[in-house]
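>>> compute the structure for the input listed below.
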Amino acid sequence: MSFLPLPTARKAGVGLAVVASATVLLAGCGRADTAPAASAVSIGDGPATGTVQLWAPDGDAKALSTVLAPFEAANPDLDVEITLIPSSDYNTKLQAALASGTGPDIAQVYTEAQTQFTGGGDFAPVPDGLVDPAAFFPGSWEAGVIDGVAYSVPWYAYTYALVYRADLAKAAGVTAPTQWSELSGFLKGLQSAGAVKGLGADVGWDSYNGQDLAQYVWQAGGDLLSADGSAWTLDTPEMIDAIRYNASFFTEGTADTSGPGFLDAQPYFVEGKTASMFTGPWVIGQLDAVAGTDGWTAANVATAPVPGGASGSIGAVAGGSWGVLANSDNADASWKVIRDLAAPETQVAQFSAIASLPAVQAAWKDPAIASQPLLDAFFTQLQTARNYPQNSTWPQIATHMGTVMESVAKGAETPEAAASDIQAFAENLGTGK
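Below you'll find the predicted structure:
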């Protein structure tokens, strides 16, 4: 079995989800006070014509001209002008273009952080009947909906799952945990089979750790905001449980507070210094190269959904989505391009070209994906994956959460004090609404 290489990023997801350049821009953007009614525009099946300008970051979109080639061949009077912008600059350039009214017809937005763009009135509602919302992973579609109106169409999707050394698990006689209560025994079993640490935990102690903690809160049955979104709810029994759960990785000796760092995570895993990771699907396609042996991954690695708390196994959704700007001069053709990008066969072509996992569930039945069992856990996880808060202050709060998690993991603060600290910090910032 061979695995396509997947994009490299520091949790590009689930960057898992706060895009670095987006965090600055979020402070000045948010949901529109009043959303327009659902689109009354009807997009037919006739050919797309004219010129369509499309902007995207240079990551998953770098094969887009190849992926769209069949659609352009079927629509000979259409010219799709693709502009790829360095990912690190993309959000800044798109925001500036929107402010000056010089944006493209179609723009990619990061699924997990898109309301900074789609919530300000610059994007048009998705036309009724363009696509079937139920065809996508629920979290991917819901990320583009504001006040009941959809402003984007999902393109690719990803989340985290448990990636572990199947060979060591077999030797130890342990199986992948499904509940929090089973994780410690599983990790200690991996250590008994030769791993130095059972878990290669994230020790960046930054916003990505805060995102992890948000997922643990959901798994524990809590939430980060009040039901009406007017207040942060971070000093709760569920938050305390989530902080304690994360700290247990370290206090029980199954993870190390000092490593591995991001660049060392895969070498440690291959060498047996660690034996599991909570990570994204791109890792799977890189392990053979790290091991220096074709087939090492298939022989030694397995995946499973993340262990669940009181509310089950819940992760966070991330990825890419497409929207059409409200001032587009060629909205009809633009939406037809997006409709094609949402078709299962096009998303399979995108997977074959660059290994972007489809946001359309039917595409996962294609042999190109279905023949890779290590992806099954990610498909399962995407069924329940949720969205991080689309609030301008969330990136700062997530970063503070990561810092506080380090204090608890190292025994310098209790989970109860940490939850109170996080709540006070969040209340000082407000919700940004």
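>>> tell me where the protein has strands.
Along the chain, counting by DSSP state E, strands occupy 50-57, 78-85, 106-110, 145-146, 149-150, 153-158, 161-165, 276-279, 301-304, 318-324.
>>> contact partners for Leu187?
Lys197, Gly198, Leu199, Phe249, Glu252, Thr254, Ala255, Ala275, Ser276 (Cβ atoms under 8 Å, 6 or more residues apart in numbering). (Glycine included, C-beta is placed from N, CA and C.)
>>> kindly report the same for Leu287.
Gln266, Phe269, Val270, Trp296, Thr297, Val301.
>>> give me that answer again for 10 Å
Going by Cβ atoms under 10 Å, 6 or more residues apart in numbering, Leu287 touches 3, 163, 266-267, 269-270, 293, 296-298, 300-301, 374.
>>> that one and Gly295, how far apart?
11 Å (Cβ to Cβ, to the nearest Å).
>>> just to revisit the earlier point, just the buried ones from the contacts of Leu287?
In those, burial by neighbour count holds for Phe3, Val163, Gln266, Phe269, Val270, Thr297, Ala298, Asn300, Val301, Leu374, counting by 16 or more other Cβ atoms under 10 Å.
>>> and the closest residue to Ala176 other than its chain neighbours, bridged to which residues?
Leaving out its chain neighbours, the residue that sits closest to Ala176 by Cβ to Cβ, 6 or more residues apart in numbering is Ala304, at 3.6 Å. For Ala304, the beta-bridge partners under DSSP bridges are Leu162.
>>> quick check: Ala304 touching Gln179?
No. Judged on Cβ atoms under 10 Å, Ala304 makes no contact with Gln179 at a distance of 11.9 Å.
>>> show me which of those two is the more surrounded one.
Counted by other Cβ atoms under 10 Å, Ala304 and Gln179 do not tie: Ala304 has more neighbours, with 22 against 13.
>>> which residues does that one contact?
161-164, 166, 169, 175-178, 186, 276, 313, 376-377, 380-381.
>>> give me the subset of the residues you listed lying in helices.
If you go by DSSP state H, those have Ala166, Ala169, Phe186, Asp376, Ala377, Thr380, Gln381 in helices.
>>> before we move on, back to that, between the contacts of Leu187, which sits nearest Val408?
In terms of Cβ to Cβ, no member of the contacts of Leu187 lies closer to Val408 than Phe249, at 11.0 Å.
>>> now do that closest one: how many residues are near it, please.
23.
>>> now it: closest residue in space that isn't a chain neighbour?
Ala255 (4.0 Å).
>>> mind listing what the nearest residue to Pro267 once chain neighbours are set aside touches?
Closest residue to Pro267 apart from its sequence neighbours, by Cβ to Cβ, 6+ apart: Val290 at 5.9 Å. The contact partners of Val290, taken as Cβ under 10 Å, 6+ apart, are Ala265, Gln266, Pro267, Tyr268, Phe269, Val270, Glu271, Val283, Trp296, Thr297.
>>> hmm, back to that, what is in contact with Ala304 and Gln179 at once?
Ser313.
>>> my guess is Pro237 meets Gly309, correct?
No. If you go by Cβ under 10 Å, Pro237 and Gly309 don't touch, sitting 11.6 Å apart.
>>> more neighbours: those two, which one.
For Pro237 and Gly309, the more surrounded residue by other Cβ under 10 Å is Gly309, and the numbers stand at 23 against 12.
>>> got a list of what the more buried one touches?
179-181, 215-222, 238, 241-242, 245.
>>> for ChimeraX, write the selection for the buried entries among those.
To isolate the buried members of the contacts of Gly309 in ChimeraX, using 16+ other Cβ under 10 Å:
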select :180,215,216,217,218,219,220,221,222,238,241,242,245
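>>> before we move on, the earlier item: which of the contacts of Ala304 are buried?
Buried residues within those, counting neighbours by 16+ other Cβ under 10 Å: 161-164, 166, 169, 176-178, 186, 276, 313, 376-377, 380-381.
>>> tell me the contacts of Asn209?
Asn209 neighbours (Cβ under 10 Å, 6+ apart): 11, 201-203, 246, 398-399, 401-406, 409.
>>> sorry, that was for Ala412
Ala412 makes contact with Val404, Glu406, Ala418, according to Cβ under 10 Å, 6+ apart.
>>> can you read off the pLDDT for Ala302?
pLDDT for Ala302: 98.
>>> hey, what's the residue nearest the centre of the chain bridged with?
Per Cα atoms, centre = their mean, the C-alpha nearest to the average position across the chain is that of Ala318, at 2.1 Å. Residues in a beta bridge with Ala318, per DSSP bridges, are Tyr158.
>>> distance of it from Asp366?
Ala318 sits 22 Å away from Asp366, going by Cβ to Cβ.
>>> counting neighbours, what do you get for Phe71?
Around Phe71 sit 18 other residues, with neighbours defined as other Cβ under 10 Å.
>>> that one against Leu54, yeah?
No. In this structure Phe71 lies outside contact range of Leu54 using Cβ under 10 Å: 11.9 Å.
>>> go ahead and confirm Thr118 touches Gln390.
Yes. Judged on Cβ under 10 Å, Thr118 makes contact with Gln390 at a distance of 9.5 Å.
>>> more neighbours, those two?
Comparing Thr118 with Gln390 by neighbour count (other Cβ under 10 Å), the higher total belongs to Thr118, at 28 against 22.
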